[in-house]
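J.: After the sequence you'll find the predicted model.
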Amino acid sequence: MMLFGKISWQLCGLRKLPWSCDSRYFWGWLNAVFNKVDRERIKEVGPERAASEWLLRCGAMVRYHGQERWQKDYNNLPTGPLDKYKIQAIDATDSCIMNIGFDHLEGLQHVEKIRLCKCHYIEDDCLERISQLENLQKSLLEMEIISCGNVTDKGIIALQKLRNLRYLLLSDLPGIREKENLVKIFKALLPYLELKLDLKQNNNHQ
């Protein structure tokens with residue numbers, strides 16, 4: 001597992017290199033491998049540890065309850081009792097997380113903040129999956145979605161199911177076309193939500 005962690009971390013760095021047509025298919029395949037859910041692993045180490053491994057393997061970071069420091073090194077993940085470390089926040093900036101990996105979030109009961117920034121593989125299906133998870137409907141308080149080019153109005157509207165969401169930042173999302181409609185929907189369904197929009201060009205920049 002340690003060796004795989006080192007290899008995946010090095011490959012995450014390589015993903016920042018320019019893509020050719022052929023390499024795009026290779027990285028797509030490799031990222032799918034990184035995101036694949038291993039049910040036996042979840043049973044073995046628990047959902048918090050398994051989700052941490054998934055997120056860090058894909059280049060994201062996590063922060064645990066009671067800690068200020070972000071955990072970003074796969075090979076330095078904390079050990080100890082399986083119920084000791086609870087993920088409170090996820091920062092997926094520049095990561096390769098994709099829809100097939102989001103089942104890792106099923107067993108997490110304490111996630112309060114998720115940041116999705118410059119995530120090449122984040123699409124509407126990912127946001128819909130987040131909104132469907134009952135545990136996140138209860139715990140999630142803040143979301144930031146920034147520079148994710150495949151996200152459209154459909155995915156954002158799905159977030160209305162996150163009934164305890166208090167802060168939502170939407171920035172640099174060219175796929176969003178109906179900003180006024182989003183404002184109306186969230187104002188009606190999530191009246192306590194602070195919705196911050198920074199949408200450019202055809203999205204009637206505010």
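T.: Arrived safely. Residues are numbered from 1 along each chain as shown.

J.: So for stretch 196-204, mean pLDDT?
T.: What stretch 196-204 shows for mean pLDDT is 70.

J.: Against residue 60, how distant is residue 194?
T.: 24 Å (C-beta to C-beta, to the nearest Å). Glycine gets a C-beta too; all of them are placed from N, C-alpha and C.

J.: Over to residue 51?
T.: For residue 51, the distance to residue 60 - C-beta to C-beta - is 10 Å.

J.: try residue 180
T.: 32 Å.

J.: re earlier: between residue 194 and residue 60, which is the more surrounded one?
T.: residue 60 (25 against 12; other C-beta atoms under 10 Å).

J.: Wait, the more buried one touches residue 90, no?
T.: Yes: counting by C-beta atoms under 8 Å, residue 90 is a contact partner of residue 60 at 6.3 Å.

J.: ok now stretch 44-61, how far from the chain's centre?
T.: 12 Å (C-alpha atoms, centre = their mean, to the nearest Å).

J.: give me the number of residues near the closest residue to residue 122 other than its chain neighbours?
T.: Leaving aside its sequence neighbours, residue 122 sits nearest to residue 148 (C-beta to C-beta, 6 or more residues apart in numbering; 4.5 Å). Using other C-beta under 10 Å, residue 148 is surrounded by 24 other residues.

J.: same thing with residue 192?
T.: 9.

J.: quick one: the strands in the protein?
T.: 61-64, 87-91, 113-117, 142-146, 167-171, 194-198 (DSSP state E).

J.: Buried residues in stretch 76-84, which are they?
T.: The neighbour-count check on stretch 76-84 (16 or more other C-beta atoms under 10 Å) flags residue 77 as buried.

J.: Repeat that for stretch 184-193.
T.: Buried residues in stretch 184-193 (16+ other C-beta under 10 Å): 185, 186, 190, 193.

J.: same check, this time on stretch 153-163
T.: In stretch 153-163, counting by 16+ other C-beta under 10 Å, buried: 153, 155, 156, 157, 158, 159, 160, 161, 162.

J.: what bits of this structure have low per-residue confidence?
T.: 1-31, 201-206 (pLDDT under 70).

J.: for it, what spans make up the helices?
T.: 2-14, 21-35, 39-45, 47-57, 124-132, 134-139, 153-158, 179-189 (DSSP state H).

J.: now for the fourth one, which elements pack on it?
T.: In other words, helix 47-57. helix 2-14, helix 21-35, helix 39-45, strand 61-64, strand 87-91 (3 or more C-beta pairs under 8 Å, 6 or more residues apart in numbering; DSSP states H and E).
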